[in-house]
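>>> Fold the following.
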Amino acid sequence: MIKEQEAERWVNAEFQSILPALIWQNEDGEYEAFGHYRIVPQNPGYRVYIEEDEQGFFNSTRTAISWCVADKYKRYNLARELLTYDNMLAHISNDIFVRTGMANKTKDPDRRESIEMKLEPKIIQKRELESQLTKCVNWAKYLQQKGFENETSRSGSATTIKTNR
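Prediction:
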């Protein structure tokens, strides 16, 4: 019995020491990140909380977790960009979906062509937003990886070898 209690204390101590680096899903289906953030699934999307304060609504776990990483490392501009691009992408995707449905249902070929022409710039804008969001997510991944292994940091005192030519 004493060995079980010691083992349980040891496991709890280890868990507490690695909690700031963990992202896991609890029994309620919510994600807990870094011992500080809670990501609650909604239909559709995910709400991010710090304690009981809602921080934002995201359309994917990928973006929500990336936001948590950016906030954890105090990269507030990156966090704001993630939230903004994610929301803009959701709005434009919904707009494209609705307008495509309208174009498919209309029987007037001139009206269909008009709707499709108006869709083209929105589709281009959607691709650009997806690209920007992917860049932000990749930057957050880099920050997280750098946090795990500080191999990627560069030292400022590196010496260069100069040759006389």
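
>>> Need the nearest residue in space to the residue nearest the centre of the chain, chain neighbours excluded.
Nearest to the geometric centre of the chain sits T63, at 1.9 Å (C-alpha atoms, centre = their mean). Once flanking residues are discounted, T63 sits nearest to D86: 4.6 Å by C-beta to C-beta, 6 or more residues apart in numbering. In short, each C-beta sits where N, CA and C put it, glycine included.

>>> ok, now E30?
Computed as C-beta to C-beta, 6+ apart, the closest residue to E30 that is not its neighbour in sequence is V40, at 5.1 Å.

>>> Which element is encountered next along the chain beyond the helix or strand containing that neighbour?
Assigned by DSSP states H and E, V40 belongs to strand 37-41. As assigned by DSSP H and E, the chain's next helix or strand after strand 37-41 is strand 46-50.

>>> Can you pull out the low-pLDDT segments for this structure?
Applying pLDDT under 70 to the chain picks out residues 1, 12, 14-21, 147-165.

>>> show me where it has helices.
2-18, 61-72, 76-105, 109-148 (DSSP state H).

>>> Which residues does stretch 49-60 contact?
Here stretch 49-60 makes contact (C-beta atoms under 8 Å, 6 or more residues apart in numbering) with 36-40, 42, 44-48, 64, 67, 71, 82-83, 86-87, 89-90.

>>> For that stretch, buried residues please.
55-60 (16 or more other C-beta atoms under 10 Å).

>>> sorry, back to before: tell me which residues touch the residue nearest to T63, please.
D86 neighbours (C-beta under 8 Å, 6+ apart): 58-60, 63, 133.

>>> and if we set it to 10 Å?
Shown in contact with D86 (C-beta atoms under 10 Å, 6 or more residues apart in numbering): 45-46, 56-60, 62-64, 66-67, 129, 133, 136-137.

>>> likewise N26?
32, 38.

>>> gap between it and S66?
Per C-beta to C-beta, to the nearest Å, N26 is found 20 Å from S66.
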